[in-house]
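Chemist: this one's structure only:
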């Protein structure tokens, strides 16, 4: 950790960059178990998906800061080097909120064993740079199956996310009110046709939209108890409201009062 911090400082001082990536790379080279060690005895939240990781992570971070100090990679460095640098920067923070590139989620999750994993959406937006989106769904599904202690907060309106998240032992379903159909006309399980009707979707193989516990309805989020919470967002747009609904469900699961 000391060597990583020194390398990061040298990088910043010489004007070569922010230092987070190179600092994390040095730390991992010296200790391949560094991420596991630094994630130990923290409450870790991982956020992944094609779009919205940074915004959603920041929302969860702000919520958890009402409880205690939070380590976070708010600069968007979401690969292992950047994630490690964020944990190194705040070694005593009891919470960590980390956005993770989808490709690295299986390895990172295995290292830090998150308390909560937030799955936003999956599409070809950028995934074609690293592999086919359906292969990514299968990798996430396998990783989630190996996290029996993790609560998965997932967007049930996304067919691919639902398929991956269904492997979880503990699930919180959130309806964001958006249709993620670009890569979901064929079922990720059987390749059959996914039929959609209003907010509901399903395949003949049995994969179907689960009943959400949390539902976004305009500027309001309906909670599992039927309470209506006004998001009161400063950020405009439907996408940001969707991110906020998932962030709210995750923060509530971690013990943050909805009024905070």
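Modeler: Everything's here; your move. Everything numeric in this text was worked out from a predicted model, so none of it was measured.

Chemist: so where's this structure uncertain?
Modeler: Along the chain, the model assigns pLDDT under 70 to residues 17-21, 124-131, 179-184, 258-260.

Chemist: just the strands in it please.
Modeler: Per DSSP state E, the chain has strands spanning 43-48, 70-72, 95-99, 116-119, 151-155, 170-175, 195-197, 200-202, 214-217, 220-222, 228-230. These are given in chain order.

Chemist: can you pull up the bridge partners for the residue nearest to residue 53 when sequence neighbours are not counted?
Modeler: Ranked by Cβ to Cβ, 6 or more residues apart in numbering and with sequence neighbours excluded, the top spatial neighbour of residue 53 is residue 99, at 3.9 Å. C-beta here means a position set from N, CA and C on the backbone, and glycine is covered the same way. Counting by DSSP bridges, residue 99 forms beta bridges with residue 47.

Chemist: any chance of the strands of the chain in CSV, plus mean neighbour count and distance to residue 247?
Modeler: Compiled in CSV, the strands of the chain are given as follows (neighbours: other Cβ atoms under 10 Å; distance: least, Cβ to Cβ, whole Å):
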stretch, mean neighbour count, distance to residue 247
strand 43-48, 27, 9
strand 70-72, 24, 13
strand 95-99, 28, 10
strand 116-119, 26, 8
strand 151-155, 27, 9
strand 170-175, 21, 10
strand 195-197, 12, 26
strand 200-202, 16, 24
strand 214-217, 20, 11
strand 220-222, 19, 10
strand 228-230, 13, 12
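
Chemist: and the residue nearest to residue 53, what does it touch?
Modeler: The neighbours of residue 99, taking Cβ atoms under 8 Å, 6 or more residues apart in numbering as the test, are 46-48, 53-54, 56-57, 73, 76, 78.

Chemist: greatest separation within the residues you listed: which pair is it?
Modeler: For the contacts of residue 99, the farthest-apart pair by Cβ to Cβ is 46 and 76; their separation is 14.6 Å.

Chemist: re earlier: tell me the one of the contacts of residue 99 nearest residue 113?
Modeler: Taking Cβ to Cβ as the measure, residue 113 lies nearest residue 46 of the contacts of residue 99, at 9.9 Å.

Chemist: ok, back up a step: now the strands of the chain in JSON lines, with distance to residue 61?
Modeler: Listed next are these as JSON lines, based on distance: least, Cβ to Cβ, whole Å:
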{"stretch": "strand 43-48", "distance to residue 61": "9"}
{"stretch": "strand 70-72", "distance to residue 61": "5"}
{"stretch": "strand 95-99", "distance to residue 61": "5"}
{"stretch": "strand 116-119", "distance to residue 61": "12"}
{"stretch": "strand 151-155", "distance to residue 61": "15"}
{"stretch": "strand 170-175", "distance to residue 61": "18"}
{"stretch": "strand 195-197", "distance to residue 61": "34"}
{"stretch": "strand 200-202", "distance to residue 61": "32"}
{"stretch": "strand 214-217", "distance to residue 61": "19"}
{"stretch": "strand 220-222", "distance to residue 61": "19"}
{"stretch": "strand 228-230", "distance to residue 61": "19"}
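
Chemist: just checking, residue 160 touches residue 134?
Modeler: Yes: counting by Cβ atoms under 8 Å, residue 160 touches residue 134, with 7.4 Å between them.

Chemist: higher neighbour count, those two?
Modeler: Neighbour count, other Cβ atoms under 10 Å: between residue 160 and residue 134, residue 160 has more, with 26 against 18.

Chemist: leaving out the residues flanking it, which one is nearest to that one?
Modeler: Spatial nearest neighbour of residue 160, excluding adjacent residues (Cβ to Cβ, 6+ apart): residue 122 at 4.1 Å.
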